[in-house]
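Trainee: Fold the following and give me the result.
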Amino acid sequence: MVQTDISQLSRECNEWRERLHSYRDEFNQLQRRLQQAASKSLSKQQQADLEHCQNQLHIQLINIHDLKQSVKAHDKQIQFEVSGNDGHVSDDTLAYHEHLYEDYQHLEQTLSDLRHEVNSFIGNI
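Mentor: Residues are numbered from 1 along each chain as shown. So this is what the prediction gives:
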């Protein structure tokens, strides 16, 4: 087992969850904007693009939820290990923390790309 700054791990988990919550709110707002766009007269290509954006938003909202739940469970695991192991967490838990961070960074990039795509679509109709 490795002694590490447990408060730092929990702080990171909380920051990730807060940021994911903000992303959820932002992407729900983008969904509402797309719904408003759907009420306009759109070409077949625009309708296809609209559907693509709606599907991608739906998928990413699921990804946000799933990652948020994984981070929450991980934080609970950290607390469980700390309480039972004299303030230590296992190497596996630290490795999983790094894995979650990589997932978080990847999702952030995906969300940034999708935000740009949706805003561009809305701006062009």
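Trainee: Tell me where the protein is predicted with low confidence.
Mentor: Residues of the chain meeting the criterion pLDDT under 70: 1-4.
Trainee: where exactly do the strands run in the chain?
Mentor: Taking DSSP state E as the criterion, the chain carries no strands.
Trainee: Where is the longest helix in it?
Mentor: Scanning the chain for the helix with the most residues, using DSSP state H, yields helix 44-84.
Trainee: That helix packs against which elements?
Mentor: The contact analysis (3 or more Cβ pairs under 8 Å, 6 or more residues apart in numbering; DSSP states H and E) places helix 44-84 against helix 6-38, helix 91-123. For every residue, glycine as well, the C-beta is placed using N, CA and C.
Trainee: Mind giving me the packing neighbours of the last one?
Mentor: Meaning helix 91-123. Of the remaining helices and strands, those touching helix 91-123 by 3+ Cβ pairs under 8 Å, 6+ apart are helix 6-38, helix 44-84.
Trainee: Which positions within that helix qualify as buried?
Mentor: Within helix 91-123, the residues scored as buried using 16 or more other Cβ atoms under 10 Å are 93, 96, 97, 100, 103, 104, 107, 111, 114, 115, 118, 121.
Trainee: Dump those residues to TSV, plus distance to residue 36.
Mentor: As requested, these are exported to TSV (distance: Cβ to Cβ, whole Å):
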residue	distance to residue 36
93	45
96	41
97	40
100	35
103	32
104	30
107	26
111	21
114	18
115	17
118	12
121	12
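Trainee: right, and out of the residues you listed, which lies closest to residue 24?
Mentor: Closest approach between the buried residues of helix 91-123 and residue 24, by Cβ to Cβ: residue 111, at 10.2 Å.
Trainee: Tell me who's in contact with the closest one.
Mentor: Contacts were defined as Cβ atoms under 8 Å, 6 or more residues apart in numbering; by that measure residue 111 touches 23, 27, 60, 64.
Trainee: I figured the third one was touching residue 30, is that so?
Mentor: By that I understand residue 60. No. No contact is recorded between residue 60 and residue 30 when judged using Cβ atoms under 8 Å, the distance being 9.6 Å.
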